[in-house]
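[1] when you get a sec, could you give me coordinates for this:
(chains A and B)
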Protein chains: 2
Amino acid sequence: MSKLLIVGTVAFDAIETPFGKTDKILGGAATYISLSASQFGIGSGIVSVVGGDFPKEYLQRLNARNISTEGVEIIEEGKTFFWSGKYHNDLNTRDTLITDLNVLADFNPVVPANFKDAKFLMLGNLHPAVQMAVIKQIPIRPKLVVLDTMNFWMDNALDQLMEVIAKIDVITINDEEARQLSGEYSLVKAAQKIHKMGPKYVVIKKGEHGALLFNNGDVFFAPALPLEEVFDPTGAGDTFAGGFIGYLAKTEDISFENMKRAVIAGSNLASFCVEKFGTERMENLTNEEIEKRLLEFKLLTQFDIELS
Amino acid sequence: MSKLLIVGTVAFDAIETPFGKTDKILGGAATYISLSASQFGIGSGIVSVVGGDFPKEYLQRLNARNISTEGVEIIEEGKTFFWSGKYHNDLNTRDTLITDLNVLADFNPVVPANFKDAKFLMLGNLHPAVQMAVIKQIPIRPKLVVLDTMNFWMDNALDQLMEVIAKIDVITINDEEARQLSGEYSLVKAAQKIHKMGPKYVVIKKGEHGALLFNNGDVFFAPALPLEEVFDPTGAGDTFAGGFIGYLAKTEDISFENMKRAVIAGSNLASFCVEKFGTERMENLTNEEIEKRLLEFKLLTQFDIELS
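    Now for the predicted structure:
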């Protein structure tokens, strides 16, 4: 079992879906990633920043799951990053209502000494300059570096993003972002082009349509579990990424065969995340529930057809 | 191996995609369904209608694949159904340019005597009154009746469509049509409602995102093979349906386990159909190619994760 370092936002979210709305609740990419990875019992640490308004109790909830928040800087006179969004009726699209960067605007990440030997590094969705600053603080190259990013950085910081992409092993982006980054409509061709930018593994997230894992010529597909109700999609992508790297950190095996399992493990956890508002479901999830749904994933896709 | 009866259009198509355009070529739902089912070496027969302008050579091409066209009425003074469409750059959406019903407008289907004992009946996308007329001409209920339909009939002949839906075993529709028919956004809930309308099995086609098979509480998912190039999507849904029922007719096993294999077999054949214009790829397909790609389907989704 390897140590996992996560850089990403720790934030307040206010969410509105067709099923209801929340006040400011615990959110942020690093929050979802760490909660998801914690399901595998690994020790992880977050590098992030919050303001003086951030409840200590939120950090304690993470600490209770063996997630170190030593690397979460608290700027007492500052305010925590705040995102507010409203989902449309189909839950596949949303409007961002508020993005208050606050303390995130001048974030200088500092990796705590006892995480400089992390074997697994997860670069959550953030400004690529911050992601690069974290990479540079790790003296020995981790066994695996996973990057999550989004179209916003392709639009606004493409050169810096490309420098990060050149240094990582796995990139996780959604289908539209893969098309934007590569200029190719076909996801097969998009993955080929992205391979050439650096990452040996390309994970393309398609939301309710599942996820594809490319490794040069090889491809694996993990479906999303068909759900009766999706309550709140916030954090599903980060939960997927956290489950993916958490599974790999636990098993310490970064072969393509094991990455297939990691994609399934991530998809499985993401299927829980969307069942309640915010982090609620991820903070109240039992091993029995996870195992039971893993069996559903197997039944969903496994078939036995005779090849002559 | 059971006899398969197919009712559906036999038509001229003129297709434009970002990769080129065709003059009038062989098309129609029954054409694609029968070509796909013929890959399993079963004997099938088409019930349809064409005009005097329809080349005998087209029918002979079908006959050469053990597809009987005895039930294809030729109205010498009439013109064949003609559809023309233009695909957008993403190939997922298209504009219909021309729909000339011609002889299809007054089509009275007649099931040939030697297909009245067909054990497998495929009702291709057509006016539900025509589908019902075929059902009524079969004296002994077939072992399996599969229906394909579309939003056009939900908009324009819903009552007649519901009567047909009440009499069949399997319905194949796309995701938007499943939502329209059921009034439910969630495909899980949509399938539950459609079950109550009659069909024990509900197949929801999601194009490049694969297909779902529902059987009451059970669900199976078949991915679409990620392709480098999709050349012409025309006929992919019919090819899927033809592969599905063709596999079942060949194996004569309509259990849920075997339907999973049939969904994979249909997805596999559909992945070839889109590689060339019209029926070209389906008319030049070897068993070796089919088997090789079936293995790719296995590799695409099969994983081995330990359940404790």
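
[2] quick one: the helices in the stretch 201-308 of chain A?
    Secondary structure of the stretch 201-308 of chain A (DSSP state H, counting those that start in this stretch): helices at A:236-251, A:256-273, A:280-283, A:287-301.

[3] and the angle for the second one with helix B:287-301?
    Just to be clear, that refers to helix A:256-273. With axes from the mean of the first three to the mean of the last three CA atoms, to 10 degrees as the basis, helix A:256-273 and helix B:287-301 are set at 60 degrees to each other.

[4] who touches whatever residue of chain A ends up closest to chain B in this structure?
    Across chain A, the shortest distance to chain B (CB to the nearest CB) belongs to A:H209, at 4.1 Å. For the C-beta atoms, the positions are set from N, CA and C on the backbone; glycine is no exception. Taking CB atoms under 8 Å, 6 or more residues apart in numbering or on different chains, we find A:H209 in contact with A:P223, A:A224, B:K206, B:H209, B:G210.

[5] now do the same for the third one: its pLDDT.
    The predicted structure scores B:K206 at 94 on the pLDDT scale.

[6] ok, and the closest non-adjacent residue to the residue nearest in space to the middle of chain A?
    Centroid check for chain A by CA atoms, centre = their mean gives A:D238 as the closest residue, at 2.6 Å. Spatial nearest neighbour of A:D238, chain neighbours left out: A:Y32 (3.6 Å); criterion: CB to CB, 6 or more residues apart in numbering or on different chains.

[7] residues near the one you found, how many?
    For A:Y32, the neighbour count with other CB atoms under 10 Å in any protein chain shown is 31.

[8] check A:N66 too.
    14.

[9] shouldn't it be in contact with A:G41?
    Yes. In terms of CB atoms under 8 Å, A:N66 counts as a neighbour of A:G41; the distance is 7.3 Å.

[10] re the thing from before, export the helices of the stretch 201-308 of chain A to CSV and tack on distance to A:M162?
    Formatted as CSV, the helices of the stretch 201-308 of chain A follow (distance: least, CB to CB, whole Å):
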stretch, distance to A:M162
helix A:236-251, 20
helix A:256-273, 23
helix A:280-283, 32
helix A:287-301, 35
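
[11] mean neighbour count, the ones you listed: which tops it?
    helix A:236-251 (a mean of 28; mean count of other CB atoms under 10 Å in any protein chain shown).

[12] got the angle for that one vs helix A:287-301?
    Helix A:236-251 runs at 100 degrees relative to helix A:287-301, counting by the same axes, to 10 degrees.

[13] phi, psi of the closest residue to A:I67 other than its chain neighbours?
    Counting by CB to CB, 6+ apart, A:I67 lies nearest to A:S34, which is 4.5 Å off, once chain neighbours are set aside. When read as degrees, to the nearest 10, the backbone of A:S34 gives phi -70, psi -40.

[14] where's the nearest residue to A:K250 once chain neighbours are set aside relative to A:L144, distance?
    Of all residues not flanking A:K250 in the chain, A:F40 sits nearest, at 4.0 Å (CB to CB, 6+ apart). Distance check for A:F40 against A:L144: by CB to CB, to the nearest Å, it reads 14 Å.

[15] just the element for the residue nearest to A:D238, please.
    Assessed by DSSP states H and E, A:Y32 sits inside helix A:29-37.

[16] what helices or strands is the helix or strand just after that helix leaning on?
    Remark: after helix A:29-37, the chain's next helix or strand is strand A:44-51, criterion DSSP H and E. Under the contact criterion of 3 or more CB pairs under 8 Å, 6 or more residues apart in numbering or on different chains; DSSP states H and E, strand A:44-51 touches strand A:4-7, helix A:29-37, strand A:67-75.

[17] export these to CSV and tack on mean pLDDT?
    Formatted as CSV, these follow (pLDDT from 0 to 100):
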stretch, mean pLDDT
strand A:4-7, 98
helix A:29-37, 98
strand A:67-75, 98
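
[18] which helices and strands does the helix holding A:Y32 pack with?
    strand A:4-7, strand A:44-51, helix A:56-63, helix A:236-251, helix A:256-273, helix A:280-283.

[19] I'd like these laid out as CSV, including distance to A:K298.
    Output for these, formatted as CSV (distance: least, CB to CB, whole Å):
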stretch, distance to A:K298
strand A:4-7, 26
strand A:44-51, 27
helix A:56-63, 31
helix A:236-251, 15
helix A:256-273, 9
helix A:280-283, 21
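
[20] my read is that the residue nearest to A:I67 contacts A:L62, right?
    Yes. A:S34 is in contact with A:L62 according to CB under 8 Å; the separation is 6.2 Å.

[21] out of the two, which sits in the more crowded spot?
    A:S34 (31 against 23).

[22] mind listing what the more buried one touches?
    Taking CB under 8 Å, 6+ apart as the criterion, A:S34 is in contact with A:I6, A:S44, A:I46, A:L62, A:R65, A:I67, A:G242.

[23] need the three-state assignment for A:T172.
    Secondary structure, DSSP: H, G, I helix; E, B strand; the rest coil: A:T172 is strand.

[24] quick check: closest non-adjacent residue to it.
    Nearest one to A:T172, counting by CB to CB, 6+ apart, is A:V203 at 4.3 Å.

[25] report the beta-bridge partners for that neighbour.
    Counting by DSSP bridges, A:V203 forms beta bridges with A:T172, A:L213.

[26] hmm, it is touching A:G210, no?
    No. If you go by CB under 8 Å, A:V203 and A:G210 don't touch, sitting 11.0 Å apart.

[27] what residues are up against the closest residue to A:E228 other than its chain neighbours?
    Leaving aside its sequence neighbours, A:E228 sits nearest to B:V188 (CB to CB, 6+ apart; 4.6 Å). Taking CB under 8 Å, 6+ apart, we find B:V188 in contact with A:P226, A:L227, A:E228, B:F214, B:V219.

[28] can you put these in CSV and add pLDDT?
    Below are those laid out as CSV (pLDDT from 0 to 100):
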residue, pLDDT
A:P226, 92
A:L227, 91
A:E228, 89
B:F214, 98
B:V219, 96
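
[29] filter these to the buried ones?
    Burial by neighbour count, judged by 16 or more other CB atoms under 10 Å in any protein chain shown, picks out A:P226, A:L227, B:F214, B:V219 from the contacts of B:V188.

[30] and which of those is nearest to B:G27?
    Checking the buried ones among the contacts of B:V188 against B:G27 by CB to CB gives B:F214 as the nearest, at 29.7 Å.

[31] show me the contacts for the nearest residue to A:K206 once chain neighbours are set aside.
    Distance criterion CB to CB, 6+ apart; nearest residue to A:K206, sequence neighbours excluded, is A:D175 at 5.1 Å. For A:D175, the contacting residues are A:L187, A:I204, A:K205, A:K206, by CB under 8 Å, 6+ apart.

[32] which pair of these spans the longest distance?
    Spanning the widest gap among the contacts of A:D175 are A:L187 and A:K205, at 10.9 Å by CB to CB.
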